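Undergrad: coords please:
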Amino acid sequence: MSIRTTVLLVAALGLSLTACGTEDGTTVDTKPQAEASPSAVGSPEGANAADAPRDEATTGGPLGQGVSTVGDTISLKGAEDGEELDVTLVKWLDPAKSADRHTIPTFGKRWVAAQIRLVNTGSATYRDSPPDCVRVADAEGRRYDATVADIAAGSSMATELKLAKGDKAVGWVVAEVPKGAAVTSLQFIASGGAADETGQWAVREG
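TA: Okay, here's the model as predicted:
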């Protein structure tokens, strides 16, 4: 192909590309667009904050993820047919003070206490020793059973309880734990701990 022919061909191509402009005289950019960066598409950094999914841990319950805490009620079944309770952790004390000067925690230990309300929602009379149903756990996973003690905050839960259908009982249950233990939860297992279901509440010091 001669040099003259080549020049004419290039000129013709230039005219053709110019003709591809839009009707208002602007040209169409035919270069490929750069790929969008990951931060601009499909990532939290590039997403609109209003469209971002909500953090479920902040809406699941009082402490997130539906965790039960002070004031919450849990329904639990007992070991026998027809036994069912609504168990409420009414108040929590850490530490708890003795009702008198003569009965105090063992040296190096402290008392924690839970005020619990029990309502018989089942079809049978409920008989139990509620302190035997309670235990607390610390941040290390160690568990402590209830102990017999009277505290200044109020009356203790009965150790021999008989609730007819619809009846309720309220009282404090005390546990003795090491002074340095960070108690984090309280458990209630009906029928003296023999039932299959476990109620658990998150608790804190103070």
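Undergrad: gap between the closest residue to Ile74 other than its chain neighbours and Glu80?
TA: Distances taken as CB to CB, 6 or more residues apart in numbering put Gly199 closest to Ile74, at 3.8 Å, once the chain neighbours are dropped. C-beta: built from backbone N, CA, C; applies to glycine. From Gly199 over to Glu80 the distance is 17 Å, taken as CB to CB, to the nearest Å.
Undergrad: Looking at these two, which is more packed in?
TA: Gly199 (24 against 15; other CB atoms under 10 Å).
Undergrad: Can you give me the pLDDT of that one?
TA: At Gly199, the model reports a pLDDT of 97.
Undergrad: Quick check: bridge partners of it?
TA: Phe188 (DSSP bridges).
Undergrad: quick one: it and Ser185 touch, right?
TA: No. Gly199 sits out of contact with Ser185 when judged by CB atoms under 8 Å, with a separation of 10.4 Å.
Undergrad: pLDDT weak spots in this protein?
TA: 1-66 (pLDDT under 70).
Undergrad: Tell me where it has strands.
TA: Assigned by DSSP state E, the strands in the chain fall at 73-77, 84-93, 109-120, 126-128, 134-138, 143-147, 161-163, 168-178, 183-188, 199-202.
Undergrad: Format the ones you listed as JSON lines; extra columns: distance to Arg101.
TA: As requested, the strands of the chain are exported to JSON lines (distance: least, CB to CB, whole Å):
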{"stretch": "strand 73-77", "distance to Arg101": "36"}
{"stretch": "strand 84-93", "distance to Arg101": "18"}
{"stretch": "strand 109-120", "distance to Arg101": "14"}
{"stretch": "strand 126-128", "distance to Arg101": "32"}
{"stretch": "strand 134-138", "distance to Arg101": "25"}
{"stretch": "strand 143-147", "distance to Arg101": "18"}
{"stretch": "strand 161-163", "distance to Arg101": "29"}
{"stretch": "strand 168-178", "distance to Arg101": "17"}
{"stretch": "strand 183-188", "distance to Arg101": "24"}
{"stretch": "strand 199-202", "distance to Arg101": "31"}
